[in-house]
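>>> model this:
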Amino acid sequence: MSELPENIQRQKRNGYLMLVGAVFTFGVTAATVQYYELSPISYLGGLVPAGILVFFGYRAVSAGRERKALGDERTQQLYGKVGINSFWILMSVIMVDMAFSIFPEDSATSIYVWIGLACYGLYFVYYRYVE
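Model (predicted):
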């Protein structure tokens, strides 16, 4: 993203949208937990995404106030390529496991998460430093 005034304004606007989305997400989660009388640990279901939205929203707003662009087109292209490739590898692993039951059922979800993170990290290193 270049440091044109329109791009900086759009970046700041997106940051404010993320902050509003964080408040909305946590508010809906809190209302749902109260309505269905769920355990207090259920608040984490909204706190984690709200925390991520607050982090990235604040980052975008503060960079916009300093008139700095957060990323350029090459960085966006890198993250897009890494994300889509690791997504399809993860989907392939899940489909193969569904067909042949490779992983034990009680720990399959955590194995999927670790495989997805490893694929993302390996693709990121490859596209960032090797290619």
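>>> In contact with the residue of the chain positioned farthest from its centre, which residues are there?
Distance from the C-alpha centroid of the chain peaks at residue 100, with 29.7 Å (C-alpha atoms, centre = their mean). Contacts for residue 100 (C-beta atoms under 8 Å, 6 or more residues apart in numbering) come out as none. Where you see a C-beta, it was placed from the backbone N, CA and C, and this is true even at glycine.
>>> Report the mean confidence score over the longest helix along the chain.
Among the segments of the chain that qualify as a helix by DSSP state H, the longest is helix 5-36. Helix 5-36 shows a mean pLDDT of 95.
>>> elements contacting the next helix-or-strand element following it?
Using DSSP states H and E, the helix or strand that directly follows helix 5-36 along the chain is helix 44-65. Of the remaining helices and strands, those touching helix 44-65 by 3 or more C-beta pairs under 8 Å, 6 or more residues apart in numbering; DSSP states H and E are helix 5-36.
>>> list the helices and strands the helix it packs on packs on?
With contacts defined as 3+ C-beta pairs under 8 Å, 6+ apart, helix 5-36 has these neighbours: helix 44-65.
>>> Going by neighbour count, which residues in the helix it packs on are buried?
Across helix 44-65, burial judged by 16 or more other C-beta atoms under 10 Å covers 46, 50, 53-54, 56-57, 60-61, 63-64.
>>> Over to stretch 18-38?
Buried, per 16+ other C-beta under 10 Å, within stretch 18-38: 18-19, 22, 25-26, 29, 33.
>>> again, but for stretch 62-77
Within stretch 62-77, judged by 16+ other C-beta under 10 Å, the buried ones are 63-64, 70.
>>> Sort these by pLDDT and name the bottom one.
Ranked by pLDDT, the buried residues of stretch 62-77 bottom out at residue 70 (84).
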